[in-house]
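> Requesting a structural model of the entry that follows:
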Amino acid sequence: MAVLMEQELNTLKKRLLALGAEVEGRVKQAVQALLTGDLDLATRVKTGDYQVDNMEIELEEECLKVLALHQPVATDLRFIVSVLKINNDLERVADFAVNIAERALDLTKVETIDCPYDIAGMAELVERMLKMSLDSLVEKDAELARKTIEFDDHVDDMHRSNFSRVKEAIRKDASHLDGLIYFLSISRYLERMGDLATNIAEDVVYQVDGDIIRHGGIQACPLPQNR
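Residues are numbered from 1 along each chain as shown. All right, here's what the predicted structure looks like:
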C-alpha cells in the first residue's frame with residue numbers, strides 16, 4: 001500500500017508540474033500578444049483556456065482519490081493539501097492570462113495610445129515571480145519561495161503607481177478613456193498574478209517547512225505522524 005501511494009504521489013507531482021509549465025507558457029504568450037499586437041496569438045490564448053481547465057479538474061480528482069483511498073497523514077497529507085491549493089492558483093493564473101489576451105484584442109478596437117506606465121517591466125517582474133515560485137516547487141526550495149514572496153510588495157506598489165498614472169492620463173485627455181481603462185485592468189490582472197505566484201510560494205514553504213506564512217505571519221503547523 002505504501003509503495004502504491006508513493007507512486008500516486010509522484011504522479012500528482014508530475015501532473016502539477018505539467019500544469020505549471022502549461023500555465024507559465026500561457027502567461028508568456030498573453031504578454032507577448034499584448035506587447036506585439038499579435039491578434040492570432042491573443043486569440044489562441046483565449047480559446048485554449050479549456051485545456052488548462054481540464055488539467056486542473058483532472059488533478060483535483062486525482063488528489064481526492066488519493067485522500068479517499070490512502071488517508072495520508074504527516075508530510076504526505078501536507079503535500080496533497082499543497083497540490084490542491086497550487087492547482088487552483090495555477091488555474092486562476094491562466095484565467096488572468098486569458099483576461100490579458102482579451103484586453104489585447106480590445107485595444108485593437110480603440111484609437112492607439114501609449115500605455116502611461118511600464119507595462120513590459122511589470123509583466124517581466126510578474127513572470128519572474130511565477131517562474132521562481134514554480135522553480136521552488138520543483139526543487140522543494142523554501143528559501144527561493146521566500147524570495148519570491150518578497151517581490152509581492154513591489155508589484156503592489158507598481159499597481160498603485162499605475163492607477164495614479166492612468167487617472168492622471170484620463171484627467172488630461174478623457175477621449176482615450178476606453179483604452180486607458182483597458183491598461184488599468186491589465187495592471188490589475190498582473191497584480192493578481194503576482195498575488196497568486198505569492199500564494200504558490202507560500203504553499204511551497206508550507207509543504208517543505210510546515211510553516212504557515214500567509215497574512216504576514218509565521219506559524220508552524222504540526223500534523224499527525226504516520227502510524
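
> could you pull out the strands for this protein?
With DSSP state E as the criterion, the chain has strands at 211-212, 219-220.

> Quickly, which of these bottoms out on average pLDDT?
Note on those: strand 219-220 shows the lowest mean pLDDT, a mean of 48.

> for this structure, which residue is closest to the average position?
The centre of the chain sits closest to residue 93, judged by C-alpha atoms, centre = their mean, with a distance of 3.8 Å.

> That one and residue 23, how far apart?
Separation of residue 93 from residue 23 (C-beta to C-beta, to the nearest Å) stands at 5 Å. To be clear about C-beta, it is placed using only N, CA and C from the backbone, and glycine gets the same treatment.

> who touches both of those two?
With contacts taken as C-beta atoms under 8 Å, 6 or more residues apart in numbering, the residues that reach both residue 93 and residue 23 are residue 130.

> quick one: low-confidence parts of the protein?
Low-confidence regions of the chain, defined here as pLDDT under 70, cover residues 1, 215-227.

> so residue 28 touches residue 127, yeah?
Yes - using C-beta atoms under 8 Å as the test, residue 28 is close enough to residue 127 to be in contact (6.5 Å).

> circling back: what residues are up against the residue nearest to the centre of the chain?
Contacts of residue 93 by C-beta under 8 Å, 6+ apart are 23, 27, 130, 193, 196-197.

> do residue 96 as well
Residue 96 neighbours (C-beta under 8 Å, 6+ apart): 189-190, 192-193, 196.

> Which parts of the chain are helices?
Taking DSSP state H, the helices of the chain run over residues 2-36, 39-47, 49-70, 74-107, 119-139, 142-150, 152-172, 177-209.

> As a markdown table, those helices with distance to residue 113 would be great.
What follows is those, written out as a markdown table (distance: least, C-beta to C-beta, whole Å):
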| stretch | distance to residue 113 |
| --- | --- |
| helix 2-36 | 14 |
| helix 39-47 | 18 |
| helix 49-70 | 28 |
| helix 74-107 | 9 |
| helix 119-139 | 12 |
| helix 142-150 | 33 |
| helix 152-172 | 8 |
| helix 177-209 | 5 |
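
> Could you find the closest non-adjacent residue to residue 56?
Residue nearest to residue 56 in three dimensions, not counting chain neighbours: residue 91, with 4.0 Å by C-beta to C-beta, 6 or more residues apart in numbering.

> and what of residue 169?
residue 116 is the one closest to residue 169 (C-beta to C-beta, 6+ apart), at 4.5 Å.

> Distance check, the one you found against residue 181.
According to C-beta to C-beta, residue 116 stands 12 Å off from residue 181.

> ditto for residue 167
Distance from residue 167 to residue 181, by C-beta to C-beta: 11 Å.

> Could you do residue 187 as well?
Where residue 181 is concerned, residue 187 sits at a distance of 11 Å (C-beta to C-beta).

> who's more crowded, those two?
A count of neighbours by other C-beta atoms under 10 Å puts residue 187 above the other of residue 187 and residue 181, at 24 against 15.

> Now the common contact residues for residue 187 and residue 181.
residue 166.

> hang on, isn't residue 120 packed against residue 35?
Yes - using C-beta under 8 Å, residue 120 makes contact with residue 35 at a distance of 5.9 Å.

> Residue 135: neighbour count?
Residue 135 has 15 neighbouring residues, counting by other C-beta under 10 Å.

> Then residue 113?
Neighbourhood size, residue 113 [other C-beta under 10 Å]: 16.

> contacting residues around it?
So residue 113 contacts 176, 179-180 (C-beta under 8 Å, 6+ apart).

> Let me have the residues you listed in a markdown table, adding distance to residue 157 and neighbour count as columns.
Output for these, formatted as a markdown table (distance: C-beta to C-beta, whole Å; neighbours: other C-beta atoms under 10 Å):
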| residue | distance to residue 157 | neighbour count |
| --- | --- | --- |
| 176 | 25 | 18 |
| 179 | 24 | 20 |
| 180 | 20 | 22 |
